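> Pasted the sequence and its predicted model underneath.
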Amino acid sequence: MTSGRPFSADSYELRRPISPPLCGEGAGAGGLPTAVVLPTPPPHPSPTRGVGGITLAPITLETAAHLGRAFAAMEPWSRYPFSPEALATYFAGGEPHAPRFAVEVGGETAGAIGLRLELLRGPYLQFLGILPAYQRLGLGSLLLQWMEREAGSSARNLWVCAADFNADAQRFYERHGFTRVALLDDLVQDGRDEVLLRKRLK
Ligand SMILES: CC(C)(COP(=O)(O)OP(=O)(O)OC[C@H]1O[C@@H](n2cnc3c(N)ncnc32)[C@H](O)[C@@H]1OP(=O)(O)O)[C@@H](O)C(=O)NCCC(=O)NCCS
């Protein structure tokens, strides 16, 4: 899998045009120098603020803190002992084999994605979170398509874990071709199981 190269803007389309609401304090790290540009959303009928490209951007400390606060308060992470600071440290700490990106829509932070580039003959989706105001717009689906595409022709699998209680996320992955392959008991915390899902690419 490659990272850090621009995504080309092929045929991805959001389910409907995005006119993002304000994300609140600290949101948005507009003007970041780099980024991977995800597909251009379809033209919006009115010149609504914030309509723009979808970008995977490197995570600044400020954005990491914002994402840490947001996701620590949100399920499934709020049901684990993950502090905002611990999550912020994760977001800020990308490594070459485990990149993390802020998902930006029109310059506003809409979520985050983190990967491990190689698990078992393919990459592992370590973190995927879309902030509530941006859910159900097709961003998560777009990111799974991106992951699959970036995995390249040598990858045989995509991997992800979802909390046993996170039925919505499991359904989301299953609708994108993942199947449950194992239940990992007590993986993160005693008494709490994680479902390992695999998408076979070959
Ligand atoms: C699960 C998630 C990544 C999906 O991203 P998304 O951008 O909302 O997904 P899309 O718009 O591409 O697809 C929406 C579908 O995802 C599913 N979904 C799962 N959890 C959902 C949620 N909390 N909110 C909205 N949709 C959710 C639904 O089946 C929905 O389909 P529908 O609109 O036809 O009912 C995102 O909703 C999210 O971050 N949820 C909370 C955190 C989470 O559970 N992350 C996964 C951890 S493993």
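In hand now; what should we look at? The structure presented is a predicted model; accordingly, all values stated were derived computationally and were not measured. Residues are numbered from 1 along each chain as shown.
> From here on, just use CA atoms for contacts and neighbour counts.
OK.
> give me the low-pLDDT residue ranges for this structure?
Counting by pLDDT under 70, the chain contains low-confidence ranges at 1-52.
> try 50
Low-confidence segments of the chain (pLDDT under 50): 1-34, 40-51.
> Do a quick rundown of the strands in it.
36-38, 54-57, 100-105, 108-116, 124-130, 157-163, 179-189, 192-200 (DSSP state E).
> Quick check: buried residues in the last one?
Neighbour counts over strand 192-200 (16 or more other CA atoms under 10 Å) mark Asp193, Glu194, Val195, Leu196, Leu197, Arg198, Lys199 as buried.
> list the contacts for the residue nearest to the fifth one when sequence neighbours are not counted?
For Leu197, the nearest residue in space outside its immediate sequence neighbours is Arg180; the separation is 4.4 Å by CA to CA, 6 or more residues apart in numbering. With contact set as CA atoms under 8 Å, 6 or more residues apart in numbering, Arg180 has these partners: Val195, Leu196, Leu197, Arg198.
> okay, these in CSV with distance to the ligand next?
Formatted as CSV, the contacts of Arg180 follow (distance: CA to the nearest ligand atom, whole Å):
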residue, distance to the ligand
Val195, 9
Leu196, 10
Leu197, 10
Arg198, 13
